[in-house]
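Novice: model this:
(2 chains, ligands or ions: 1)
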Amino acid sequence: MENNKIHTVVISGLGQTSVGEHWDISLRELAFFAIEKALVNNRGGYPQALYLANMLAPALSHQSHLATMVADFSGLRGIEATTIEASGASGGMAFRQGYMAVASGLVDSVIVAGVEKLTEQTSVNVNSAFATNTDSEYEADHGLTPTSQAALLMKRYIYEYDVPDFAFSGFPVVAHANGASNKNAMFQRAIKPESYQRAGFVSEPLNMFDVAPYADGAAAVILTRAELVADLPEIPTVSVSGSSAVIDTLALHDRQNPIVFNAAKESIAKVYAQSGLGHSDIDLFELFDAYSIFGALSLEAAGFSEAGKGWELAQDGRINLDGEIPISTFGGLKARGYPGGATGVYQIVEAATQLMGLAEENQVKGAKNALVQSLGGPASTAVTHILSQIER
Amino acid sequence: MDIPRHWRLRKQRYGLVGEVCEHCDSKVFPPRDICPDCGEEAKTLFSFSGKGEVYSHSTVYDAPKGFDESTPYTIAMVKLEEGPLVTAQLTDLQEKEVKIGMPVEMVTRKLREAGDERSMIVYGYKFRPVMSH
Ligand SMILES: [Zn+2]
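Specialist: Predicted coordinates:
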């Protein structure tokens, strides 16, 4: 990165649980399972801090002070621990806090984990909790939900750019195709374009395949200063070559042009500048496909298409694993599932797995640089990272 | 009970009262005290006309507490004639098909039911199609 006073940070351990309904596992156990896996395969130092991503545990799991509980339960008593909440971007934001801590030299090694349980409450309770992620006084108090907000975005996008029917079907079709070979995914079956066309509306024009399913899950990553990590003979080492977080207005209605994800765009411009890479150097993009329209707007924000044309990339296999810009390579939020604040950590784990060449059936061949972006709300918060293979 | 919170919002909820920036004349709703256009202080109150047009719209079938007994309802972003966008429900639609660009005007209606014994009924702005005379 451009500032030569900061340290190179590498990923030294990875862990994840399967995503789905974990009614037999508590929040603390779920987090511990992911942390334990990351600690077992860690080849860096012992973590001195835990940054724990979560978005709704105080509302849905009756637990705040979460990082302390998770560190305690995971046998990490005595370390530093704090919870990071930035709505859907919580996981990306926790990863950025961990990155900054190690890059600064204040700690040698940290664990970044994300945990969420979204399947145990009634849908009315879950909707009420998610609505608190919008502007509660000027959006939620009027009956807006994140899903209906995405519908408002999609409706206006279709109107302004005169987008044909079923133009967004490529996003869920590709996500489900990739999820089919991810044993941790919530949905492991491919879907046909005809199923998309027959699906009922959730909030028109959004249909059920345009909306990622709320899920339970936990993932963990260990970050260590590069000098402290031994190389492996066969597996490339993955470093963080760009890191950025940018906010926009919280409420969608406060923007001059709601159908552009400005924070996503600015955050990506920053990581391109830091890494010296551009969109043509990116081999895969783990984007935040909570809704199909987010996929299109994120591709536009990253420079893979001009405004109003992001949906065209979802046609003709261009976002497939062997396409020009593979996205959602393990199923994305749509098929892997959307476990709230843990999502951004899953995205990092998946991108790192690709760059280590360990993605098996989901492998993007020759992947060297991955763009990873988590969004809170409609890109009200955008956190972006570039992970890169490093040559030693 | 959230009573102070809803009481604080009464001017905005019942009168669509926002702010005008004395530096660039930009009209601001919801009020935020710093002008989003020029970044200067904007604390002068301004009552919006309540007239505007539909910027985008959808339907909520799966709602949070307090709204779940009113489903399905139409949610919209309305572009006020003075400039700002506002999120609100559309009401009094009868059989009228909602379209982007449709002229609407503000009315005061019940926004949400109490939902449970710890919540309260809240009133505030919604928008209805402009009546043709
Ligand atoms: Zn101004």
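Novice: Tell me where the chain has strands.
Specialist: This is for chain A. Listed from the start of the chain, chain A has strands (DSSP state E) covering A:9-16, A:49-53, A:80-84, A:109-116, A:201-203, A:206-207, A:217-225, A:237-247, A:284-286, A:369-376, A:381-390.
Novice: ah, I was thinking of chain B
Specialist: Along chain B, the segments classed as strands by DSSP E run B:17-20, B:27-28, B:44-47, B:51-60, B:73-80, B:85-90, B:103-112, B:122-129.
Novice: What segments of chain A are helices?
Specialist: In chain A, the helices defined using DSSP state H lie at A:27-40, A:57-60, A:66-73, A:90-103, A:123-131, A:146-161, A:170-179, A:193-198, A:262-275, A:292-301, A:332-336, A:343-355.
Novice: Write out the residues of chain B neighbouring the ion.
Specialist: B:21, B:23-24, B:26, B:35, B:37-38 (Cβ under 5 Å from the ion). From N, CA and C alone the C-beta is placed, and that goes for glycine too.
Novice: Can you lay out the residues you listed as CSV showing pLDDT?
Specialist: Listed next are those as CSV, based on pLDDT from 0 to 100:
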residue, pLDDT
B:Cys21, 96
B:His23, 96
B:Cys24, 96
B:Ser26, 96
B:Cys35, 95
B:Asp37, 93
B:Cys38, 95
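Novice: Surely B:Lys110 and B:Val122 touch.
Specialist: Yes: using Cβ atoms under 8 Å, B:Lys110 is in contact with B:Val122, at 7.4 Å.
Novice: Those two: which has the busier surroundings?
Specialist: Shown here are B:Lys110 and B:Val122; by other Cβ atoms under 10 Å in any protein chain shown, B:Val122 has more neighbours (18 against 12).
Novice: What is the burial count for the residue of the stretch 51-200 of chain A found nearest the ion?
Specialist: Here the residue of the stretch 51-200 of chain A nearest the ion is A:Tyr138; by Cβ to the ion that distance is 19.7 Å. Per other Cβ under 10 Å, the neighbour tally for A:Tyr138 reads 22.
Novice: Any figure for the gap between it and A:Thr353?
Specialist: Distance, A:Tyr138 to A:Thr353, using Cβ to Cβ, to the nearest Å: 41 Å.
Novice: A:His279 too?
Specialist: Separation of A:His279 from A:Thr353 (Cβ to Cβ): 22 Å.
Novice: if you count what's nearby, which of those two comes out ahead?
Specialist: Shown here are A:His279 and A:Thr353; by other Cβ under 10 Å, A:Thr353 has more neighbours (22 against 15).
Novice: per-residue confidence for the spatially most central residue of chain B?
Specialist: In chain B, the centroid-proximal residue (Cα atoms, centre = their mean) is B:Ala88; its distance is 4.2 Å. B:Ala88 is assigned 98 on the pLDDT scale.
Novice: go on, B:Pro36?
Specialist: 93.
Novice: How about A:Leu228?
Specialist: Each residue has a pLDDT score; the one for A:Leu228 is 95.
Novice: tally of neighbours for residue 43?
Specialist: Answering for chain A, as no chain was given. Residues contacting A:Arg43 under the criterion other Cβ under 10 Å number 17.
Novice: was after chain B, sorry
Specialist: By the criterion of other Cβ under 10 Å, B:Lys43 has 14 neighbours.
Novice: Could you pick out the residues of the stretch 251-392 of chain A near chain B for me?
Specialist: Proximity of the stretch 251-392 of chain A to chain B (Cβ under 8 Å from any Cβ of the partner chain) is limited to residues A:251-255, A:258.
Novice: OK, contacts around A:Phe168?
Specialist: Listed by Cβ atoms under 8 Å, 6 or more residues apart in numbering or on different chains, the contact set of A:Phe168 reads A:154, A:210, A:292-293, A:295-296, A:311, A:314.
Novice: A:Glu21 and the ion, how far apart?
Specialist: For A:Glu21, the distance to the ion equals 50 Å [Cβ to the ion, to the nearest Å].
Novice: hang on, isn't A:Ser123 packed against B:Asp62?
Specialist: Yes: counting by Cβ under 8 Å, A:Ser123 touches B:Asp62, with 6.1 Å between them.
Novice: Tell me which of those two has more neighbours.
Specialist: The residue with more neighbours, out of A:Ser123 and B:Asp62, is B:Asp62; 18 against 12, by other Cβ under 10 Å.
Novice: State the distance from the more buried one to chain A.
Specialist: 6 Å (Cβ to the nearest Cβ, to the nearest Å).
Novice: Quick one: residues contacting that residue.
Specialist: Taking Cβ under 8 Å, 6+ apart, we find B:Asp62 in contact with A:123, A:127, A:145, A:147, A:202-203, B:71.
Novice: hmm, 7 Å instead?
Specialist: Taking Cβ atoms under 7 Å, 6 or more residues apart in numbering or on different chains, we find B:Asp62 in contact with A:123, A:127.
Novice: ok, now which ones touch residue 110?
Specialist: Picked chain A for this. When contacts are counted by Cβ under 7 Å, 6+ apart, A:Val110 touches A:47-49, A:51, A:98, A:101-102, A:223.
Novice: The intended chain is chain B.
Specialist: The neighbours of B:Lys110, taking Cβ under 7 Å, 6+ apart as the test, are B:121, B:123.
Novice: And the pLDDT at it?
Specialist: B:Lys110 is assigned a pLDDT of 95 by the prediction.
Novice: still on that earlier bit, now, among the residues of chain B next to the ion, which is nearest to A:Ala185?
Specialist: Of all the residues of chain B next to the ion, A:Ala185 sits closest to B:Asp37, with 45.0 Å by Cβ to Cβ.
Novice: How much space separates the residue nearest to B:His57 when sequence neighbours are not counted from A:Ala212?
Specialist: Of all residues not flanking B:His57 in the chain, B:Ala76 sits nearest, at 4.2 Å (Cβ to Cβ, 6 or more residues apart in numbering or on different chains). Distance from B:Ala76 to A:Ala212, counting by Cβ to Cβ: 24 Å.
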